[in-house]
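Q: sequence below, structure please.
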Amino acid sequence: MHLVIDGHNGDRQRLQDPDIVYRFLDEYPDGLGMTKITPPHVYTYHGPQPGDWGVSGFVLIAESHISVHTFPDRGYINIDVFSCKEFDPNLAREQITETFGIGEVKHWLLERGLEYADTDTAFKELEEDRSALVGKVS
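A: Numbers count the residues shown, from 1 in each chain. Below you'll find the model as predicted:
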């Protein structure tokens, strides 16, 4: 599963605080039942334009990774939670919204790597693909 978050109208103080981003990345995986395999890496970036700055960070988890990019002057944050282990996307969104004081959240949930999940899933996907091809050839 790959949860993609675009957060708008976030708390600017929280979005510019590297310690909050670090704590989020340090604690968040445990709350979702994931396994952190590295400490979080967090950086503050200042770009060439005045509003082009923010805090970015990521943490590697055994299941994949979680990344955060904030833009405090815009009240904007984007977060990716990519995991080969299933997790509760509603809980994940709630924790993100609360941590960063986000007023509006847009999200997408992508299902990735399904054919590698288990043999039952792989065979089901293969049969669906074959059926679709047979229908096109007829």
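Q: and the residue lying closest to Asp80 once chain neighbours are set aside, how many neighbours?
A: Nearest-residue entry for Asp80: Ser67, 4.8 Å, with adjacent residues in sequence omitted and distances by Cβ to Cβ, 6 or more residues apart in numbering. The C-beta positions use only the backbone N, C-alpha and C, and glycine is treated the same way. Ser67 is flanked by 15 other residues according to other Cβ atoms under 10 Å.
Q: just checking, Ser67 touches Val55?
A: No. Shown here, Ser67 and Val55 do not form a contact pair, counting by Cβ atoms under 8 Å, at 11.6 Å.
Q: check the secondary structure at the residue nearest to Asp80 for me.
A: State at Ser67, reduced to three classes by DSSP: H, G, I helix; E, B strand; the rest coil: strand.
Q: which residues are in contact with it?
A: Contacts for Ser67 (Cβ atoms under 8 Å, 6 or more residues apart in numbering) come out as Ser56, Gly57, Phe58, Ile79, Asp80.
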